[in-house]
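S.K.: This is a predicted model, with the sequence first.
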Amino acid sequence: MQSVSDWDKIPDFEDEEEEAKFWLEHELDGRLMAGSVHQPDSRESTTITLRFDPRMLSRIKRIARTRFLNYQSMMKQWLAERLEDEIRKQ
């Protein structure tokens, strides 16, 4: 059984049969699953407003649904990951 440790390694499936065959040979890495669960931040947070092109927002929501995530939580996770990458580059 192959472990999937990155969401990008999961292909787009043509149908449920193709997806079922994939998951017979693959499983999600526990760290990937743990990182997908929204854990409330005990620190104070600030509300901001972002404007998105409707098509972009629709695509983001579709990705989030396939991962069983709230799209806002997923976007927050993406930003946190990118921030960590940028900090490591310094």
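M.R.: The structure has been received and is ready for your questions. Numbers count the residues shown, from 1 in each chain.
S.K.: Pull the residues that contact the helix ranked longest in the chain.
M.R.: With secondary structure taken from DSSP state H, the chain has its longest helix at helix 71-89. Identification of contacts with helix 71-89 by C-beta atoms under 8 Å, 6 or more residues apart in numbering yields 35-36, 38, 57, 60-61, 63-65, 67, 69. Every C-beta, even on glycine, is put in place using the N, C-alpha and C of the backbone.
S.K.: how close does the residue nearest the centre of the chain sit to residue 63?
M.R.: By C-alpha atoms, centre = their mean, the chain has its centre lying nearest to residue 74, at 5.4 Å. Per C-beta to C-beta, to the nearest Å, residue 74 is found 7 Å from residue 63.
S.K.: just residue 34 next, same as before
M.R.: The gap separating residue 34 from residue 63 is 19 Å, by C-beta to C-beta.
S.K.: who's more crowded, the two?
M.R.: residue 63 (15 against 9; other C-beta atoms under 10 Å).
S.K.: Now the worst-scoring helix or strand of the chain on mean pLDDT - C-alpha only, PDB.
M.R.: Every helix and strand in the chain was compared by mean pLDDT, DSSP states H and E; the lowest is helix 30-36, with a mean of 74. Output in PDB follows, covering the C-alpha atoms of helix 30-36 (Å, rounded to 0.1, in the frame of the first residue of the first chain):
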ATOM      1  CA  GLY A  30      -1.600  10.300   9.000                       C
ATOM      2  CA  ARG A  31       0.200  13.600   9.000                       C
ATOM      3  CA  LEU A  32      -1.700  14.800   6.000                       C
ATOM      4  CA  MET A  33      -5.000  13.900   7.600                       C
ATOM      5  CA  ALA A  34      -4.000  15.600  10.900                       C
ATOM      6  CA  GLY A  35      -3.000  18.700   9.000                       C
ATOM      7  CA  SER A  36      -6.400  18.800   7.400                       C
END
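S.K.: Right, I'll call it a day here.
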